[in-house]
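>>> pasting a predicted model and its sequence here:
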4 protein chains.
Amino acid sequence: MEVIVPIVTPFTRDNALDKAKLKEHAENLIEKGIDAIFLNGTTGMGPSLSAEEKKEALKTVYDVTDKVIFQLGGLNLDDVLSLLSFSKDFSILGVASYSPYYYPGLPSKWVVKYFKAIVEKSPHPVYVYNYPQATNFDVTPQLIEEIGGVTGIKDTNDDFVHSLRYKRFTNLKVYNGSDYLTLQSLTFLDGTVTAGGNYMPELLVLQKRLVSQGKVAEALQVQETYYKFLDLARKYGMMASHYVLVKELQGYDVGYPRPPIFPLTQEEVEGITREVRELRKEYLYLLDKYGFTS
Amino acid sequence: MEVIVPIVTPFTRDNALDKAKLKEHAENLIEKGIDAIFLNGTTGMGPSLSAEEKKEALKTVYDVTDKVIFQLGGLNLDDVLSLLSFSKDFSILGVASYSPYYYPGLPSKWVVKYFKAIVEKSPHPVYVYNYPQATNFDVTPQLIEEIGGVTGIKDTNDDFVHSLRYKRFTNLKVYNGSDYLTLQSLTFLDGTVTAGGNYMPELLVLQKRLVSQGKVAEALQVQETYYKFLDLARKYGMMASHYVLVKELQGYDVGYPRPPIFPLTQEEVEGITREVRELRKEYLYLLDKYGFTS
Amino acid sequence: MEVIVPIVTPFTRDNALDKAKLKEHAENLIEKGIDAIFLNGTTGMGPSLSAEEKKEALKTVYDVTDKVIFQLGGLNLDDVLSLLSFSKDFSILGVASYSPYYYPGLPSKWVVKYFKAIVEKSPHPVYVYNYPQATNFDVTPQLIEEIGGVTGIKDTNDDFVHSLRYKRFTNLKVYNGSDYLTLQSLTFLDGTVTAGGNYMPELLVLQKRLVSQGKVAEALQVQETYYKFLDLARKYGMMASHYVLVKELQGYDVGYPRPPIFPLTQEEVEGITREVRELRKEYLYLLDKYGFTS
Amino acid sequence: MEVIVPIVTPFTRDNALDKAKLKEHAENLIEKGIDAIFLNGTTGMGPSLSAEEKKEALKTVYDVTDKVIFQLGGLNLDDVLSLLSFSKDFSILGVASYSPYYYPGLPSKWVVKYFKAIVEKSPHPVYVYNYPQATNFDVTPQLIEEIGGVTGIKDTNDDFVHSLRYKRFTNLKVYNGSDYLTLQSLTFLDGTVTAGGNYMPELLVLQKRLVSQGKVAEALQVQETYYKFLDLARKYGMMASHYVLVKELQGYDVGYPRPPIFPLTQEEVEGITREVRELRKEYLYLLDKYGFTS
């Protein structure tokens, strides 16, 4: 049972990758007990990063930890394979790729070929990142079998039946990526990949601990608090909000998102800050109750 | 009333942009009477092209014609603005951008900001390329108004009510981008943007002519033939099929697509070739009937 | 090319079928030049009517006209067949049925059997009423072929490509049932079935006339006015609004809808009445311009 | 934590309610330890039943047990209220209603009014049966609050986040109605309403027992077997399959479904029977292992 965080990618005011901030953030997440970092995911604005930036991100995070799943998917297979080749020098947990996105009605034969090419060349275990709502393609259990050689799947899906099906029909390690199903995924799957872990790593680790102790009722109370901050992130705008929330709840700066994911406006920053500060005592209460020293 | 073709982007076997082939193709389309070329669209695999490749494509096509709408959208606004700046030296019909794609639930405030930034800096008329099925975002008439300063919209949508709404609630020039609604869009909107025009430019120009002459019944017969080739493209795999169909129906080579849009396999090429050759007499019959010399 | 109106079903304050009002309404529609009445459709709250009420409705309207398509679909096939048998004594244009609704994922084998049973026993031509958004089932061209013996289809669908497909792949008469595609359906299909015809029969007949004369630009102007009243109906609540709109635009009372389609509240009635009266001069202008004496 | 079964409604060959068979079936379910019977639900073909049949069903089942939730929803509110009034003489657990179905885009104001009318007049606790995929309407937590006075909700939804939201934002007892989320609902909600309980009541009761004992791994194994029979039901046709599966796994006849839910053909009956008999040893193994005497 693992808790994995799709790490936020910090940018400078000039829209460049902010490596120092990325490193500091990765360091904190690992220290807090996260099992793995999912690099260049949706939360990390993966599809907005150049191949060069994806490499830089890997080098930066690898300075801190080897518990990394390196997401390297993209719309040019040559680029993807060159990232795969680049990853050889890093002894990481695995590589991941979403399916080719944007193109509606992509024939599944091509998606299978795409992933087969990755599996064939990969020096690391391969994770499929399935996010149909973003990519307009669903990598079903049957396609997983056609691809062959896949190690795990991150299924970002509020449809929990969909995730459970991978447990039934494949041998993969199965993670659900919905922020709102952390506890459910820890109980019934192999774990959770949740953006909320960027700003609430302690509560995420705590959920894992309580589930492993069979304390469902207590876990539900923690999830309830977890939910409240997730709601805030959605209210002000996913991804951009994360930058403010990390600062408020973890105490350091992770820079800015990059347009078209625009930074929150001054007014929005004030709004979310006020709301998060009101909620923070609930957060601190839980840290205290469960013996976190923050 | 205009017929616009989202031009296929030819690649070499090594997955590089094949400029010579792109130029030859653009030349033929213009000669056949197409009103404008939509460059770097979905059919042209726009989201798979680097900023550099988009520039090269513009330079190449501009050698042949200035009837170009230059699609330059992307997930990094800085890149988009630099393409916009690059376009200054070309006196083209306009620039276009799809909305930021991939990210589900993108707040509309950011999409508005994105397009506002483009409108502000653009040296050319701006077209919004709306393709909700691909981008997971719908640029509604209300958002068009919030953005301000937009010239036209390409709405790729089988929902024709959706396209008609732009005519009602905006002053834009409105084009529908569904291959299967050419005649309907020529009759009730400002025109059509259709991938089928890559391999059937004569039939597309003919549909326009017949509509402008009020010959609906004849136009429907032409569309019926047009449909049959479109069906073939879908049967064998959209985009990859186009490369074979251009060759068969227009007589020159447009190279290859680029993985993950994989070229058709040898077997598929043989299949589609056989089928297109059976259908071609219908095509030639129409060319002959309506006095095209091909 | 036909204009068909899915007639509103008038109820009394006590929620009984108001036969006198139904008759008066049917009479007016026929007088205004409508080609056929679609009885017990969605607008007529067909799924809310008992088998007995459906029979009463037929008897009532048949007093006025035989230009009737009698919708008799339902979730108990025995009831459907008994309505079919009842229809024997009426020499009407045809019978129609939607596919069984409510049940998600209904296997198509059962829908085919259902329609086959109707076709086999029907004393009249059979029309399939396809409304996937309501029934959660799509009667595709292929299923139409499996059923066999069908005369026509009413496809209620903003997806116009979907309706056009029936023209391509079946021999059916094809009507689209979207209020917003009247002109488009008159031009490219066999006609339109539109609820707006209940309160704007003149404008509907006028659209047909202008299309048959090839006057697209004028027809578009009429549709523009038609749209404005449709928008009003949607704003205040589909179906319930119709009762007010018929009264305001046609001058007689058609009673009430039946809960859970609740009548508009006093406040809503005042609001829609005010708005319709402001728009009415546009309506009257068109009547006058095109020589309708109302 | 409760396990509730939406009971199958047996019909005779003549398509009449088979009361004797319904009674026998209810008796068995209660004996096997089911907490409540959900009467006239989707599995029971509620929308296909007349008001009279719904009453008969209640009378019949009430002979056996008062652990009944009486589903009485429909498209004629007068009928619904008369069923409500009829229920006064039965001291049952509650009444339930789905929201009005079929009509797309039903304004929520009417759905609220509909449920308010039920709550006002109900002699029993009221459960909202939310099944958006069937009704095309979603009774959100906010609407639940507007209605007021509701006791519980059955949310039939593979989207588990959706069900969890009722726990967060209402005080309702929350049941999920997806067959594939029994264990998940028993762990994180107030229980499950599952059609599979008709033919596998022992495995359902067992899942509840294991969850209450915190034996997640064992519960998952039981669910795995439960899933296999559910898959069979889907393969041969939901609802119609249930009649065969009850016979095979529970040993008595529950008659037939009613067209348009057609009985399985002879060939299908043979197919499903063969498959269920192959799987049955897994079923019996579990009964034996956990001390069920069947």
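The structure has been received and is ready for your questions.
>>> for the strand or helix carrying A:Ser163, the distance to its chain's centre please.
Following DSSP states H and E, one finds A:Ser163 within helix A:160-169. Counting by CA atoms, centre = their mean, to the nearest Å, helix A:160-169 is centred 19 Å from the centre of its parent chain.
>>> show me what counts as buried in that helix.
Applying a neighbour-count criterion of 16 or more other CB atoms under 10 Å in any protein chain shown, one finds A:Phe160, A:Val161, A:His162, A:Ser163, A:Leu164, A:Arg165, A:Tyr166, A:Lys167 buried in helix A:160-169. In short, each C-beta sits where N, CA and C put it, glycine included.
>>> report the rounded mean pLDDT for that helix.
Taken as a whole, helix A:160-169 has an average pLDDT of 98.
>>> that helix to helix D:160-169, inter-axis angle?
Between helix A:160-169 and helix D:160-169, the angle comes out at 130 degrees (axes from the mean of the first three to the mean of the last three CA atoms, to 10 degrees).
>>> same for the next helix or strand along the chain from helix A:160-169, what does it pack against?
On the C-terminal side of helix A:160-169, the closest following helix or strand by DSSP H and E is strand A:173-176. Other helices and strands packing on strand A:173-176, by 3 or more CB pairs under 8 Å, 6 or more residues apart in numbering or on different chains; DSSP states H and E, are strand A:152-155, helix A:160-169, helix A:182-188, strand A:191-193.
>>> could those go into TSV alongside distance to D:Tyr236?
Output for the helices and strands packed on strand A:173-176, formatted as TSV (distance: least, CB to CB, whole Å):
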stretch	distance to D:Tyr236
strand A:152-155	28
helix A:160-169	19
helix A:182-188	27
strand A:191-193	35
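>>> which stretch among these comes nearest chain D?
Closest approach to chain D among the helices and strands packed on strand A:173-176 (CB to the nearest CB): helix A:160-169, 3.8 Å.
>>> the closest one close to chain D?
Yes - counting by CB under 8 Å from any CB of the partner chain, chain D is contacted by helix A:160-169 at A:Phe160, A:Val161, A:His162, A:Leu164, A:Arg168.
>>> what sits against the second one?
In other words, A:Val161. Residues in contact with A:Val161 (CB atoms under 8 Å, 6 or more residues apart in numbering or on different chains) are D:Asp158, D:Phe160, D:Ser178, D:Tyr180, D:Leu181.
>>> how many other residues sit next to A:Phe13?
Small correction: residue A:13 is Arg, not Phe. Counted with other CB atoms under 10 Å in any protein chain shown, residues neighbouring A:Arg13 total 9.
>>> give me the secondary structure label for it.
Secondary structure for A:Arg13, judged by DSSP: H, G, I helix; E, B strand; the rest coil, is coil.
>>> which strand residues bridge the nearest residue to it once chain neighbours are set aside?
Closest residue to A:Arg13 apart from its sequence neighbours, by CB to CB, 6 or more residues apart in numbering or on different chains: A:Tyr256 at 6.4 Å. Assessed by DSSP bridges, A:Tyr256 has beta-bridge partners A:Phe11.
>>> A:Tyr256 contacts A:His242, correct?
No - if you go by CB atoms under 8 Å, A:Tyr256 and A:His242 don't touch, sitting 10.8 Å apart.
>>> comparing these two, which residue is more hemmed in?
Comparing A:Tyr256 with A:His242 by other CB under 10 Å, the one with more neighbours is A:His242, at 24 against 20.
>>> show residues contacting the one helix or strand A:Lys281 maps to.
According to DSSP H and E, A:Lys281 maps onto helix A:266-289. Helix A:266-289 is contacted from outside by A:200, A:202-203, A:206, A:222, A:225, A:228-229, A:232, A:235-237, A:241, A:244-245, A:248-249, A:264, A:294, using CB under 8 Å, 6+ apart.
>>> ok, the residues of helix A:160-169 next to chain D vs chain C, which is closest?
Closest approach to chain C among the residues of helix A:160-169 next to chain D (CB to the nearest CB): A:Val161, at 13.3 Å.
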